[in-house]
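Asker: Fold the following and give me the result.
(chains A and B)
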Amino acid sequence: MSAQPAMESVFSPPRSLKPKISHFCPGCQHGVIHRLVAEQLDAYGLREKTIGVASVGCSVFLYDYFDVDVVEAPHGRAPAVATGVKRSQPDKFVFTYQGDGDLAAIGTAEIVHAANRGEKITVVFVNNAVFGMTGGQMAPTTLVGQVTTTSPLGRSVELAGPPIRMSEMLATLEGAGYVARVAVNNIKNLMKAKAAMKRAFEYQTKGLGFSFVEVLSACPTNWKLSPVEANERVGNEMISYFPLGVYKDAAKDA
Amino acid sequence: MAQRVLVKGNEAIGMGAIAAGCRFYFGYPITPQNDIPEFMSAELPKVGGTFIQAESEVASINMLLGAAATGARAMTSSSSPGISLKQEGISYMCGSEIPGVIVNMSRSGPGLGGIHPSQGDYFQSTRGGGHGDYRTLVLAPSTAQENYDLTMLAFDLADKYRNPVLVLGDALLGNIKEPVELKPYRKKPPVKDWALTGCKGRSQQILKSLYLADGELTERNWVLWKKYQRMQKETRWEEYRLDDAELGLVAFGSVARILKSSVDMLRDKGHKVGLLRPITLYPFPSQAVKEAAGRIGRLMVVELNTGQMVEDVKLAAECAAPVAFYGRPPGSIPTPDELAKEVLKVIKKGGAQ
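Answerer: Numbers count the residues shown, from 1 in each chain, chains lettered A, B, ... in the order given. This next block holds a predicted model:
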């Protein structure tokens, strides 16, 4: 009988995620983004002091994957719900996780005012330029010319206006603390996304203010592309309209 | 003896809320309830509480949802058009079983309507108001004192049933100034083991209203239904000179207090009339109405609308008595004399003398 050599664990899934197979479509990047969030929950030791706010859309199943307390918000209202949670539990870590249909359409007022009040919450905004769960309708972030189920001839600026850039808009608000846009389409961008998420979490844990990370994400099913093609589209089409970067870091030296 | 103060009805709401341990208020300005957010903005910070003037009615009900999800006692208030906007949040709170107190110092509609007293929100309040098969407890004060007392009760009932509770007043009850005895609140705050406070030392907790698996939502709706059945025992009403009445009046809120004077005026003239005043509009005092219908044989409903609660009275009476109706749409407040004349018309058609 040979003794098993002692092995050092050098890699494991984040404790804040449940060991569970996700319901997300092949090539969907929610899984990657969930992991980015969970890694920071682990890194800051926040799992047991976190209250997540789920939104409406594919992301609603947050509570099936994150092993933290979660309250479900009505469509678009997650920043308002998170405001109530955080004001009541100021020592807890409070984050929302919202898609572009939720945050940039029906929930525009809630995100703008939560940011401007400087609520000490962290918002993860997953922008895949489409209403995912409802079957691929046009979102405020849908690119010009992009065919969706409600823009069958492609998004028209004349009919729908140009795609809305939430990070740029929120960065103009005096009350917003940290605003960044990232992508997870390649390793380089993924590392930057991880750094942005870390900084966003730091904003809240240090009480520096409102933090917001927009993550460009692929939706192969509704874009009617293969997972690889969808990922390439993020790099080829989305980033040029939605430039990556840190738009605001108000407490730069803190 | 408890302190007695002369305050507006709206302020009495705020005083009752703070006395009952409400520490979070979220609201948006709308007449005729602005004294409530104004009072809370000044008084909550003194007791370590939080006041937020939200960007919208929609945001304020969702802030309430969030604060209440952590177990805090929280309140929002508004008036009719604003309450319409809050219905989404109320539906989610019912679905997720999150307690909270929502005050409607109602005005007149439909639409922007006006700022007169009105009872046009009876249907909205008692039928759920938002989407889905749900109920909210509805308390209907008729004095500034009851604004204070029933607001305290609203917090207890909300926590007891993990359900939103509506306090339905109107422009008259919000703006009337009268003495209020500030009865101390002596109940112990309830333990809320369902509240979201981070999962330290326990497993994850979720407050949600989405149920997609086969049969899950059916079961969920039955669970809620059973709760609404349990709520029936919270029925409250007042009877005023009803024992020997030959015509039973039924009215709630502001019009009920006016009608009490009408009852006295008519009694002075020898007409045996009395009043049954529902204090809970949901659950509705159906049994009391049924008994009154059977005993008295004749009922008359008076409302500041064109006929809403009268439907519940007719349902409760189960045809045991004819139900007359006098409705006053918004625009003016009826005087006791005017109402007495309307009651007299019904009396003269037959019945009580």
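
Asker: Next to chain A, which bits of chain B? Give me the list.
Answerer: Neighbours of chain A within chain B, by CB under 8 Å from any CB of the partner chain: B:24, B:26, B:50, B:52, B:54-56, B:58-60, B:62-72, B:74, B:88-89, B:92, B:96, B:98, B:196-201, B:204-210. C-beta: built from backbone N, CA, C; applies to glycine.

Asker: how about the helices in the stretch 101-250 of chain A?
Answerer: A:108-117, A:157-160, A:166-171, A:187-205, A:220-223, A:227-233, A:239-241 (DSSP state H, counting those that start in this stretch).

Asker: Contact partners for the single nearest residue of the stretch 101-250 of chain A relative to chain B?
Answerer: Relative to chain B, the nearest point of the stretch 101-250 of chain A is A:His113 (3.8 Å; CB to the nearest CB). Shown in contact with A:His113 (CB atoms under 8 Å, 6 or more residues apart in numbering or on different chains): A:Pro79, B:Ala54, B:Glu55, B:Ala59.

Asker: Neighbour count, pLDDT and distance to B:Asp35 added to those residues, as JSON lines?
Answerer: Converted to JSON lines, those look like this (neighbours: other CB atoms under 10 Å in any protein chain shown; pLDDT from 0 to 100; distance: CB to CB, whole Å):
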{"residue": "A:Pro79", "neighbour count": "32", "pLDDT": "98", "distance to B:Asp35": "28"}
{"residue": "B:Ala54", "neighbour count": "24", "pLDDT": "98", "distance to B:Asp35": "17"}
{"residue": "B:Glu55", "neighbour count": "19", "pLDDT": "98", "distance to B:Asp35": "21"}
{"residue": "B:Ala59", "neighbour count": "31", "pLDDT": "98", "distance to B:Asp35": "21"}
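
Asker: Now the two most distant members of these.
Answerer: Spatially, the most separated pair among the contacts of A:His113 is A:Pro79 and B:Ala54, at 11.0 Å (CB to CB).

Asker: Could you list the low-pLDDT ranges of the stretch 1-150 of chain B?
Answerer: Along the stretch 1-150 of chain B, the model assigns pLDDT under 70 to no residue.

Asker: switch the cut-off to 80
Answerer: Per-residue confidence for the stretch 1-150 of chain B (pLDDT under 80) gives these ranges: B:1.

Asker: hey, where'd the strands end up in it?
Answerer: Using DSSP state E, counting those that start in this stretch, the strands of the stretch 1-150 of chain B run over B:4-8, B:24-27, B:50-53, B:74-78, B:100-106, B:137-139.

Asker: just to revisit the earlier point, can you redo the helices of the stretch 101-250 of chain A as CSV with mean pLDDT and distance to B:Ala321?
Answerer: Formatted as CSV, these follow (pLDDT from 0 to 100; distance: least, CB to CB, whole Å):
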stretch, mean pLDDT, distance to B:Ala321
helix A:108-117, 98, 50
helix A:157-160, 97, 60
helix A:166-171, 98, 61
helix A:187-205, 98, 63
helix A:220-223, 98, 61
helix A:227-233, 98, 69
helix A:239-241, 98, 70
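
Asker: In a markdown table: these, plus distance to B:Gly82.
Answerer: Shown next, in a markdown table, are the helices of the stretch 101-250 of chain A (distance: least, CB to CB, whole Å):
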| stretch | distance to B:Gly82 |
| --- | --- |
| helix A:108-117 | 15 |
| helix A:157-160 | 30 |
| helix A:166-171 | 27 |
| helix A:187-205 | 31 |
| helix A:220-223 | 36 |
| helix A:227-233 | 43 |
| helix A:239-241 | 38 |
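
Asker: Looking at the ones you listed, which is nearest to B:Leu173?
Answerer: Judged by CB to CB, the one of these that comes nearest to B:Leu173 is helix A:108-117, at 30.7 Å.

Asker: Distance from the chain centre to the closest one, please.
Answerer: Distance of helix A:108-117 from the chain centroid (CA atoms, centre = their mean, to the nearest Å) equals 16 Å.

Asker: ditto for stretch B:114-129
Answerer: The mean C-alpha position of stretch B:114-129 is separated from the chain mean by 10 Å, CA atoms, centre = their mean.

Asker: Stretch A:42-52 now?
Answerer: 17 Å.

Asker: Which residue does chain B have closest to chain A?
Answerer: Sorted by distance to chain A under CB to the nearest CB, the residues of chain B start with B:Gly66, at 2.6 Å.

Asker: Spit out the contact partners of that residue.
Answerer: Per CB under 8 Å, 6+ apart, neighbours of B:Gly66: A:Val53, A:Val71, A:Ala73, A:Ala80, A:Val81, A:Ala82, A:Thr83, A:Gly84, A:Val85, A:Lys86, A:Arg87, A:Ser88.

Asker: Apart from its chain neighbours, what residue comes closest to it?
Answerer: Ranked by CB to CB, 6 or more residues apart in numbering or on different chains and with sequence neighbours excluded, the top spatial neighbour of B:Gly66 is A:Gly84, at 2.6 Å.

Asker: Settle this for me: B:Leu207 is touching B:Met93, isn't it.
Answerer: No - B:Leu207 is beyond contact range of B:Met93, at 9.4 Å (criterion: CB atoms under 8 Å).

Asker: which of these two has more neighbours?
Answerer: B:Met93 (30 against 27; other CB atoms under 10 Å in any protein chain shown).

Asker: which non-adjacent residue is nearest that one?
Answerer: If the residues on either side of it in the chain are set aside, B:Met93 comes closest to B:Pro164, at 4.8 Å by CB to CB, 6+ apart.

Asker: secondary structure class for the most far-flung residue of chain B relative to its centre?
Answerer: Distance from the centre of chain B peaks at B:Gly201, with 38.8 Å (CA atoms, centre = their mean). At B:Gly201, secondary structure determined by DSSP: H, G, I helix; E, B strand; the rest coil is coil.

Asker: Fine, thanks again, bye for now.
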